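J.: Build me a model from this:
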Amino acid sequence: MTLRFSVLASGSTGNAFYIESGDEKILVDAGLSGKKIEGLLEQVDVNPANLSRILVTHEHSDHIKGLGIMARRYNLPIFANEKTWRAMDGQLGKLSIDQKFHFNMEETKTFGGIDIESFAVSHDAADPMFYTFHRNGKKVALVTDLGYVSERIKKTVEGADAYIFESNHDVGMLRMGRYPWSVKRRILGDSGHVSNEDSALALTDIMTDQTRRVYLAHLSLDNNMKDLARMSVKNVLEERGFEIGPRIELYDTDPAQATPIYEV
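T.: Have a look, this model is predicted:
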C-alpha cells in the first residue's frame, strides 16, 4: 500500500492538504470555506464524504476557516493538541464531544496503516506542529509556517520521498513591500515564515537519494512569485550539488488549485 497526496491549497489565504492510503483519507487543515474545500477535493476526484478525519497544525484562520463546517457536514473527528484546542475555542461552532481528539506534540499515531509523527515548529501560534507520514518505507513531510528550520526538525523530516516545504517570501520583496515594519519584522523573525533562500538551504540538509519531489508551499501573494521561488530554490540546490530535473522535481502550489494526486 502506498501514500497518495495532493496539496489542495497553500498560501496566506488558505491551506489544506490531503493524503490517503487505501481507505484512510486524511485532510490536514481546512483553511478555506467548506464549499471551496469540497471543490478542491473534487479537483482530485476525492469525495469529501469518504474522508476519515481532519488533523490540525495550528489555530490561524488560514488553517481552520472551514474546519467546523467540514467536521459537522461529514461527521469527522478532529485531531489537535491541547493548546491548539484551547486556542480554537469559539472559532469552530458547535462540535460534539466525540469529534474532539488530542494529537500531542512529538507523538506518533497510526491511522489505517499510516504512521503519522507530529513535530513542533517555531511560529506565532499557541502550540504549532506539523506532520510526517510513513507507510511501507515511504515518507511524506509537511513543513510550513515556521520561522526557522531547527536541527530537531531537520532530523525528523530528513530523507522524505516528498516534501511540502515552506518558501514564503523573497527577502528583498518583503523589505521593499507595502507591509508595515511590525509585520515585516514578524515574518522575518524566528516565529514567522521561511524565505526562499532559507528554505533551499534547509532542503540541502534534509534531502537524500530517496527524495523525488519538493512542493514549494505557503508562498506570500505580496512578497513572492512562483517563478522567483522556484528559481531561487533551484539555484541554491544546484550550487550544493543537487540535480534538479530528472531526479528531483520542484513543483508549485497554489491557493486555489489543487496539485494532481502524487503517489510515492
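J.: CA only for contacts and neighbour counts going forward, please
T.: Noted.
J.: Need the three-state assignment for Leu8.
T.: Look at Leu8: counting by DSSP: H, G, I helix; E, B strand; the rest coil, its state is strand.
J.: what residues are up against it?
T.: 15-18, 37, 40-41, 254-259 (CA atoms under 8 Å, 6 or more residues apart in numbering).
J.: pLDDT score for it?
T.: For Leu8, the pLDDT comes out at 98.
J.: One more: Tyr262?
T.: pLDDT, Tyr262: 98.
J.: Farthest out from the centre of the chain, which residue is that? Tell me.
T.: Note on the chain: the largest C-alpha distance from the chain mean falls to Met176, namely 27.0 Å (CA atoms, centre = their mean).
J.: Against Glu20, how distant is it?
T.: 41 Å (CA to CA, to the nearest Å).
J.: And stretch 61-78, end to end?
T.: Termini of stretch 61-78 sit 16 Å apart (CA to CA).
J.: Can you pull out the low-pLDDT segments for the stretch 151-264 of the chain?
T.: In the prediction, the stretch 151-264 of the chain carries no residues with pLDDT under 70.
J.: Do a quick rundown of the helices in it.
T.: Assigned by DSSP state H, counting those that start in this stretch, the helices in the stretch 151-264 of the chain fall at 151-157, 171-176, 181-188, 196-206, 226-239.
J.: before we move on, what about the stretch 1-150 of the chain?
T.: Taking DSSP H, counting those that start in this stretch to define them, one finds helices in the stretch 1-150 of the chain at 34-43, 61-64, 67-74, 82-88.
J.: Of all these, which one is nearest Leu146?
T.: helix 61-64 (13.8 Å; CA to CA).
J.: Remind me what that closest one packs against, helices and strands.
T.: Helices and strands touching helix 61-64, by 3 or more CA pairs under 8 Å, 6 or more residues apart in numbering; DSSP states H and E: there are none.
J.: Name the residues that touch it?
T.: By CA under 8 Å, 6+ apart, helix 61-64 touches 12-16, 29-32, 56-58.
J.: Check stretch 138-148 too.
T.: Residues contacting stretch 138-148 (CA under 8 Å, 6+ apart): 2-3, 121-123, 130-134, 157, 159-166, 187-194, 198, 217-218, 264.
J.: Any idea how far apart the tips of it sit?
T.: Terminal-residue distance, stretch 138-148 (CA to CA): 25 Å.
J.: Alright, I will stop here.
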